[in-house]
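coords please:
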Amino acid sequence: MQDVVEYRIDRRSGVATYLQIVQQTKQALRLGLLEPGDRLPTAREVVEATAINPNTVLKAYRELEREGLVEARRGLGTFVRRTLGSAPATDSPLRGELADWATRARAAGLERDDVTALLASVLDQLYEGDDT
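Prediction:
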């Protein structure tokens, strides 16, 4: 079985390492990259790939388990219990349109952080007052 998620840790982000793992797992769930029944990488695999403390990985997995997203199966690993949201598939027309827009933004000289801020601003305005 091949793991779908590869964690990337940004030590300069100011976000706790375990929270980065939680957030990246949730993003993979939203995008359909992880589905119920999929196994998350073992703590050892994550440690080898990211050079972080095993307890940090276990803390992230416990948080995901507390939220009902994954379950630990003794001796087998940690498995996805449920997915999140209903994001369009990675090959959907919406994703293609967004990729085109991001390409134009980059060509216009916007840095990644600029694009993130711009997108967040539009989303904040669009979803203002929503509880979603």
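
leaving out sequence neighbours, find the closest residue to the residue most central in space within the chain.
Centroid check for the chain by CA atoms, centre = their mean gives Gln24 as the closest residue, at 2.3 Å. Nearest residue to Gln24 in three dimensions, chain neighbours excluded: Tyr7, at 5.5 Å (CB to CB, 6 or more residues apart in numbering). In short, each C-beta sits where N, CA and C put it, glycine included.

wait, that neighbour sits on Pro41?
Yes - taking CB atoms under 8 Å as the definition, Tyr7 is a contact partner of Pro41 at 7.5 Å.

what residues are shared contacts of these two?
Ala49 (CB atoms under 8 Å, 6 or more residues apart in numbering).

next, count neighbours for Lys59.
Lys59 is flanked by 17 other residues according to other CB atoms under 10 Å.

can you check Glu65 too?
For Glu65, using other CB under 10 Å, the count is 14.

tell me the secondary structure at it.
Using DSSP: H, G, I helix; E, B strand; the rest coil, the structure places Glu65 in helix.

I figured it hits Ala72, correct?
Yes - using CB under 8 Å, Glu65 is in contact with Ala72, at 6.2 Å.

what do those two both touch?
Shared contacts of Glu65 and Ala72, defined by CB under 8 Å, 6+ apart, are found at Thr78.

grab the nearest non-local neighbour of Val115.
Closest to Val115 by CB to CB, 6+ apart is Ala105, at 5.0 Å.

give the contact list for the one you found.
By CB under 8 Å, 6+ apart, the contact list for Ala105 reads 114-115, 118.

correct me if wrong, but it is in a strand.
No - Ala105 is assigned helix when assessed by three-state DSSP, not a strand.
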